[in-house]
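K.L.:
coords please:
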Amino acid sequence: MSFLHGGRHLLQVRSLLRSVASHPTQSQLKTNFKERLFVRTMATGQSPGHQNRLAQEKSPYLLQHASNPVDWYPWGKEAFDKAKTENKPIFLSVGYSTCHWCHVMERESFENADIGKIMNDNFVCIKVDREERPDVDRVYMTFVQATSGGGGWPMSVWLTPDLKPIVGGTYFPPHDRFGRPGFGTILLSLAKQWREKKSAMEQRSSSILEALVQATSSASEGESLPGNECMEKCYQQLTESYDKRFGGFGDAPKFPQPVNFNFMFRLYGCKPEGHQQGKNGLEMTLHTLRMMAKGGIHDHVSQGFHRYSTDQYWHVPHFEKMLYDQGQLAVSYVDAYQITKEEVFADVAKDIFLYVSRDLSNKNGGFYSAEDADSLQTTDAEHKKEGAFCVWKDAELMELLGDKVEGSDAVTLADVFCRHYGVTKEGNVDFEQDPHGELKSQNVLIVRGSLQDTASQFNLDLAVTERALAKSRQILHDQRQKRPRPHLDDKMLTAWNGLMISGFARGGQVLQDQQYTDRAVQAAEFIRQYLYNPDTKCLLRSAYCDIDGQVTQISEPINGFVDDYAFLIRGLLDLYEASYDQTWLQWACELQQKQDELFWDDTGNSGYFSGAGNDPSILLRLKEDQDGAEPSGNSVSALNLLRLSHFTDNTAWKERAEKIFTAFENRLKKIPMALPEMVSALLLYLSTPKQIIIHGDKEASDTKELLSCIHSQFLPNKVLILSDGDSSSFLSTKLNLLSTLQKKDGKATAYVCENYQCQLPVNTVAELQELLKR
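P.N.:
Next comes the predicted model:
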């Protein structure tokens, strides 16, 4: 989420907020973050019969609230007009369908008939899916962060009828406790103030908005291109936050942060030999990836990665699974394998691909968004619990894994499995991660030793031990399918699909497995069919599923945001380098042109806005300036522009990347660890990319050998082009160089070029390997 850098304006905003209401500020109301993090409760079922307007929506998150006694409206003109006509303030609630604390607030407050009546009588209530409308979320999260110093979901904001923020926060408990007002008390207090001090509240909300506009407009003002000092500082800042024992950057709760891995890998890739920072960064990243793969954040039974770890050990996770994590982590593990050739990294990448193909894939080719953390323990249970689908009791494992290990009369599968994955009779979850006892006697699987340790414990050889563990995992996976499944958020977002296309495309390249490339192609075709308007050349944000699993759309489809364009363009560039189908490269160029038209700031500050600026209900036009769980659109775009400039010899795109770096100069120089993906782009800019051109028949064996050689090496600054001599192809019309290339001795030939100046051509793998080392 974008942070504000105008300090004076921030102080003005906070001062204005304090004068808006007499009840305590959100910073006083919110409970301790870690205390809230570890509470593991879940909303009960919705009241039967009653349906509000959200029943007509497609978003899984909005549909979850369709039976609330609250008279919810979706974001739109009907709600805005009602607020103005009835002279009521707006209560805006923003969340997403797999958000644990969104479920808690629904159960405690939005399903409460008394609180619902207060809301309906005094406010126009709007519910927003932040994944569907990131533009709405960004505006009011910027306000909440500026006025409270923090943020999160659910986000709760009160607005004037003209959408200006009055006061806001995140989760509120329903009733007064510990001397703090509950949600009901806050609602009544604000309603009273609106009746008695409406003019003053409107005036202050206008002043707050003005201060936010000034603060955000100054956030992307730079004067010159940053240089290598940003790389040095980013490395230093990340190193200072690194956990040497368990890996990861920062303390618990621990997030994967693939953007940090990307930076460290690129730093290593620029100078793999004799560069101590690069070597250190590589080791930090590899250690983190190993520890994550062994930890409970990794689903050892049904594959994929959970959102984050609540502890420093990567052990007890927050159990939701997000598509954007799978896509980015797949790339990280593929990169790790490409660098080290260690099969463990390839295995984890394949593990992710299996999970996404099986559980997050629509039959038409798109990828679903997420699986929830919470589910019912049994089909007749009344309340959902976090992790119920994933955890195991010792007695259950003993029963399911009672068979003997092959070649042994005494050792059972349970013996081997429980030793390897840290299972205990009492359960292996510490109180600090489960203060309410919901995981009592349960086990979250984690590997603390090695395969060798487990084999030695039972005097088994490694192959037998591995087969025993694999058989056990399959038995448990099958058993898990008999449990009530967590909620599936089956909307399909262009941006997140773009990240997953990159994952599958990189998997196809490096793991030399055509099925992964084919899956990326299928997803790209899905987006072109369901999330793209060929007449306007514009992307849509989201598509949905009906009850039969068929793709459907809302009555007024949501136009794509800059992330949708940037992430998809990256995916298409990766897909071209995996499939060599120039269709994808040409579409990427067309989308980049449209992105420039819709989102580029041509007022002089440069950079890309998050939204197109044609929606009057969006009061702030913001630029994302932080690489977090997802990279920012500006960071990814900088990389895309540089790659595209070398694919097409278009210097204008390189110049546009330079303007992005300049726009974020202050951020890059002061706190580059907030933008590691952009620093990765800067590394590419400051280096000399290798244009590797293979001139040959795509299906010929000699061509495939050369391509395989290239994909076996980690070359983050490469631009790979396959030329078959067709002068009418898209790339031939862009690169005059291609018409001058010839096969050497009638065989597929490789040209390694820098700035379109090529070294002598080669046509053997050994010769190409030598060229790529230079």
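K.L.:
report the central residue of the chain.
P.N.:
What sits nearest the mean C-alpha location of the chain, by CA atoms, centre = their mean, is residue 324, with 3.4 Å.
K.L.:
all helices for the stretch 1-150 of the chain, in order.
P.N.:
With DSSP state H, counting those that start in this stretch, the ranges of helices along the stretch 1-150 of the chain come out as 7-18, 26-29, 33-38, 60-64, 77-86, 100-105, 113-122, 134-148.
K.L.:
flag the shaky bits of the stretch 501-650 of the chain, pLDDT-wise.
P.N.:
Within the stretch 501-650 of the chain, no stretch has pLDDT under 70.
K.L.:
the chain too?
P.N.:
Ranges of the chain meeting pLDDT under 70: 1-48, 218-221, 272-274.
K.L.:
by residue count, what's the longest helix in it?
P.N.:
Taking DSSP state H as the criterion, the chain has its longest helix at helix 183-217.
K.L.:
for that one, what is the distance to the chain centroid?
P.N.:
Remark: helix 183-217 is offset 33 Å from the chain centroid, using CA atoms, centre = their mean, to the nearest Å.
K.L.:
helix or strand right after that helix?
P.N.:
Once helix 183-217 ends, the next helix or strand along the chain (criterion: DSSP states H and E) is helix 228-241.
K.L.:
got the buried residues for that next one?
P.N.:
230, 231, 233, 234, 235, 237, 238, 239 (16 or more other CB atoms under 10 Å). Quick note: C-beta positions are derived from backbone N, CA and C, even for glycine.
K.L.:
residue 116 and residue 157, how far apart?
P.N.:
For residue 116, the distance to residue 157 equals 18 Å [CB to CB, to the nearest Å].
K.L.:
settle it for me: which of these two has more neighbours?
P.N.:
residue 157 (25 against 21; other CB atoms under 10 Å).
K.L.:
and what about residue 598, helix, strand or coil?
P.N.:
helix (DSSP: H, G, I helix; E, B strand; the rest coil).
K.L.:
and what of residue 153?
P.N.:
At residue 153 the chain is in coil, as set by three-state DSSP.
K.L.:
again with residue 473
P.N.:
helix.
K.L.:
check the burial of it by counting its neighbours.
P.N.:
For residue 473, the neighbour count with other CB under 10 Å is 17.
K.L.:
quick check: closest non-adjacent residue to it.
P.N.:
Excluding its sequence neighbours, the residue lying closest to residue 473 (CB to CB, 6 or more residues apart in numbering) is residue 301, at 5.5 Å.
K.L.:
confirm for me that the one you found is in contact with residue 443.
P.N.:
No. Using CB atoms under 8 Å, residue 301 makes no contact with residue 443, being 11.5 Å away.
K.L.:
between these two, point out the one with more neighbours.
P.N.:
Using other CB under 10 Å, the more surrounded residue of residue 301 and residue 443 is residue 443, with 23 against 18.
K.L.:
mind listing what the more buried one touches?
P.N.:
391, 392, 393, 394, 397, 421, 422, 423, 424, 427, 428, 429 (CB atoms under 8 Å, 6 or more residues apart in numbering).
K.L.:
tell me the two of those that are most distant?
P.N.:
397 and 429 (15.0 Å; CB to CB).
K.L.:
returning to that earlier point: what helices or strands is the longest helix of the chain leaning on?
P.N.:
helix 7-18, helix 113-122, helix 134-148, strand 155-159, strand 165-169 (3 or more CB pairs under 8 Å, 6 or more residues apart in numbering; DSSP states H and E).
K.L.:
same thing but 10 Å
P.N.:
Contacts defined by 3 or more CB pairs under 10 Å, 6 or more residues apart in numbering; DSSP states H and E place helix 183-217 against helix 7-18, helix 26-29, strand 90-95, helix 113-122, helix 134-148, strand 155-159, strand 165-169.
K.L.:
and that helix with strand 165-169, angle?
P.N.:
110 degrees (axes from the mean of the first three to the mean of the last three CA atoms, to 10 degrees).
K.L.:
returning to that earlier point: overlap in contacts of residue 301 and residue 443?
P.N.:
Counting by CB atoms under 10 Å, 6 or more residues apart in numbering, the common neighbours of residue 301 and residue 443 are 392, 421.
K.L.:
make a markdown table from the contacts of residue 443 and add secondary structure, distance to residue 483 and neighbour count to it.
P.N.:
Converted to a markdown table, the contacts of residue 443 look like this (DSSP: H, G, I helix; E, B strand; the rest coil; distance: CB to CB, whole Å; neighbours: other CB atoms under 10 Å):
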| residue | secondary structure | distance to residue 483 | neighbour count |
| --- | --- | --- | --- |
| 391 | coil | 10 | 23 |
| 392 | strand | 11 | 23 |
| 393 | strand | 13 | 15 |
| 394 | helix | 17 | 18 |
| 397 | helix | 14 | 22 |
| 421 | coil | 18 | 25 |
| 422 | coil | 21 | 17 |
| 423 | coil | 18 | 22 |
| 424 | coil | 21 | 11 |
| 427 | coil | 18 | 18 |
| 428 | coil | 20 | 24 |
| 429 | coil | 18 | 24 |
